[in-house]
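only geometry, no sequence info:
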């Protein structure tokens, strides 16, 4: 039997490990796929407009956008509509609309599970590659210049699977700015050491919020 464990830093007070869990990439991906296939995730809608004062793109509430755009719902404007003649697009231009997306986390319909990419790819350190999948994803918005604008309204299909990849640092070191600036409620969930610490829900929360 290997004695490499006795030469590790796991028991050293210098590193402050509370406990250690051993698992495999295959088992992590299997349970995450099962989790995504069973949970009823809410649909998230995010809309953005241009702020002339700050010269930046800022979020706007979905219902507020529709109200200010004279009842125009950007998700109902067909792809390829002409911004020069379409009244709905003129309404959106008047409120300086930039774009929006609507997404539901989950397994993409019509795609064989065997054809899906690994949700998690473990690295040699604390870095983990995380692939976020959605059962539904739609993006709308203006593209091009202000002189030659075009309208985009595209949705994910089984033939065009959209994957959102990110490199996640699973360490919770408080000295990291990206972590210490999180709301206390979010930090508490990430630091969960209770009986639910090993749940797949906690793992997915850690990956999706890091």
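Received, thanks. Fair warning: this is a prediction, and the values are worked out from it, not measured in the lab.

Output the below-cut-off pLDDT ranges for the chain.
Where the chain drops to pLDDT under 70, the residues are 1-11, 16-21, 124-125, 170-180, 187-210.

so where do the helices sit in it?
25-38, 62-68, 87-94, 177-180, 184-190, 200-209 (DSSP state H).

I'd like the distance from the second one to the chain centre, please.
What it means is helix 62-68. 23 Å (C-alpha atoms, centre = their mean, to the nearest Å).

same deal with the longest one?
Here the centre of mass of C-alpha atoms in helix 25-38, compared against the chain's by C-alpha atoms, centre = their mean, lies 17 Å away.

Give me the buried positions along that helix.
By neighbour count on 16 or more other C-beta atoms under 10 Å, the buried set for helix 25-38 is 28, 29, 31, 32, 33, 35, 36. For glycine as for every other residue, the C-beta is placed from the backbone atoms N, C-alpha and C.

Which other helices and strands does that helix contact?
Using 3 or more C-beta pairs under 8 Å, 6 or more residues apart in numbering; DSSP states H and E, the elements in contact with helix 25-38 are strand 120-122, helix 200-209.

Contacts for the shortest one, please.
The list of residues contacting strand 120-122 from outside it, by C-beta atoms under 8 Å, 6 or more residues apart in numbering, reads 25, 28, 29, 32, 128, 129, 130, 131, 207.

what about the longest strand in this protein?
When the chain is scanned for its longest strand (criterion: DSSP state E), the result is strand 134-144.

List the pairing partners of that strand within its sheet, with orientation.
Under the criterion DSSP bridges, strand 134-144 sits next to strand 97-105 (antiparallel), strand 149-155 (antiparallel) in its sheet.

just so I know, which of the ones you listed lies nearest residue 119?
Closest to residue 119 of the strands paired with strand 134-144, according to C-beta to C-beta: strand 97-105, at 11.0 Å.

and that closest one, how far out from the chain's middle?
Chain-centre distance of strand 97-105: 12 Å, with C-alpha atoms, centre = their mean.

buried stuff in that strand?
Across strand 97-105, burial judged by 16+ other C-beta under 10 Å covers 97, 98, 99, 100, 101, 102, 103, 105.

Which one of those residues is nearest to residue 150?
Taking C-beta to C-beta as the measure, residue 99 is the one of these closest to residue 150, at 12.3 Å.

re the thing from before, now, which of the buried residues of helix 25-38 sits nearest residue 116?
residue 33 (7.1 Å).

so what's that closest one up against?
Contacts for residue 33 (C-beta under 8 Å, 6+ apart) come out as 107, 113, 116, 119.

Tell me which two of those residues sit farthest apart.
113 and 119 (11.2 Å).

With distance to residue 83 as added columns, please give the strands paired with strand 134-144 in a markdown table.
Converted to a markdown table, the strands paired with strand 134-144 look like this (distance: least, C-beta to C-beta, whole Å):
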| stretch | distance to residue 83 |
| --- | --- |
| strand 97-105 | 11 |
| strand 149-155 | 5 |
